[in-house]
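[1] This is a predicted model, with the sequence first.
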Amino acid sequence: MNHSTLIPSERVTHAILFIRGQKVMLDHDLATLYGVETKVLVRSVQRNIHRFPKDFMFQLTRKEFENLRCQFGTSRFWGGRRYRPYAFTEQGVAMLSSVLSSRKAIAVNIAIMRAFVRIREILATHKELARKLEELEAKFADHDEKITQVFEAIRALMHSPVQRN
């Protein structure tokens, strides 16, 4: 089975959010990728809760949930949910493959793990780029104002928020 044709990597990458300073995926996004209902995924996790310590999975607070709904412009009830979503860290997503052990779940997990790795590489590259920019800026600190403006523009581009479609 070709994992790259199973789900587009962009779809996985867009489902990875930053909450509480961690890269996570929400239960309903994971359920969609696995092709199961959210309640089935959550029920499987609840049955195996000992496999999901706090650093693998957590439930969003009311405020986090409200902020998320506002961010994505969803309805007040966000599809009729009766509970706040669960967020799974990279380790929690990996643990899901042992709870949802179908072939599709394993293939989806592989695609998700690759997306997490790609994001980690992008973030590392971003830090390295910032370090190199600081070195260049120090080297050209005594030059004219136009070079300073170029550095400021590059820094502004590096810090602008990533847009999601």
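    The structure has been received and is ready for your questions.

[2] separation between the residue lying closest to Pro85 once chain neighbours are set aside and Glu152?
    Nearest non-adjacent residue to Pro85, counting by C-beta to C-beta, 6 or more residues apart in numbering: Leu26, 4.7 Å away. From N, CA and C alone the C-beta is placed, and that goes for glycine too. According to C-beta to C-beta, to the nearest Å, Leu26 and Glu152 sit 36 Å apart.

[3] if you count what's nearby, which of the two comes out ahead?
    Shown here are Leu26 and Glu152; by other C-beta atoms under 10 Å, Leu26 has more neighbours (20 against 11).

[4] Quick check: which ranges of the protein have low pLDDT?
    Applying pLDDT under 70 to the chain picks out residues 1-9, 71-80, 101, 137, 139-149, 151, 158-165.

[5] Longest helix in it, please.
    helix 103-139 (DSSP state H).

[6] What helices and strands are in contact with it?
    When contacts are defined as 3 or more C-beta pairs under 8 Å, 6 or more residues apart in numbering; DSSP states H and E, helix 103-139 packs onto helix 3-6, helix 9-15, strand 16-19, strand 22-26, helix 27-34, helix 90-99, helix 145-159.

[7] Which among those is found nearest to Phe52?
    Proximity to Phe52 (C-beta to C-beta) singles out helix 90-99 among the helices and strands packed on helix 103-139, at 5.9 Å.

[8] To Glu128, which of the helices and strands packed on helix 103-139 lies closest?
    Glu128 sits nearest to helix 145-159 of all the helices and strands packed on helix 103-139, at 11.7 Å, using C-beta to C-beta.

[9] re earlier: report the beta-bridge partners for the residue nearest to Pro85.
    Under DSSP bridges, the beta-bridge partners of Leu26 are Ala87.

[10] Now for it: which residues touch it?
    Counting by C-beta atoms under 8 Å, 6 or more residues apart in numbering, Leu26 touches Ala15, Leu17, Leu60, Pro85, Tyr86, Ala87, Phe88.

[11] rerun at 10 Å
    15-17, 19, 32, 38, 60, 65, 68, 85-88 (C-beta atoms under 10 Å, 6 or more residues apart in numbering).

[12] Same check on Cys70?
    No contacts exist for Cys70 under C-beta under 10 Å, 6+ apart.

[13] tell me which element it is part of?
    helix 62-72 (DSSP states H and E).
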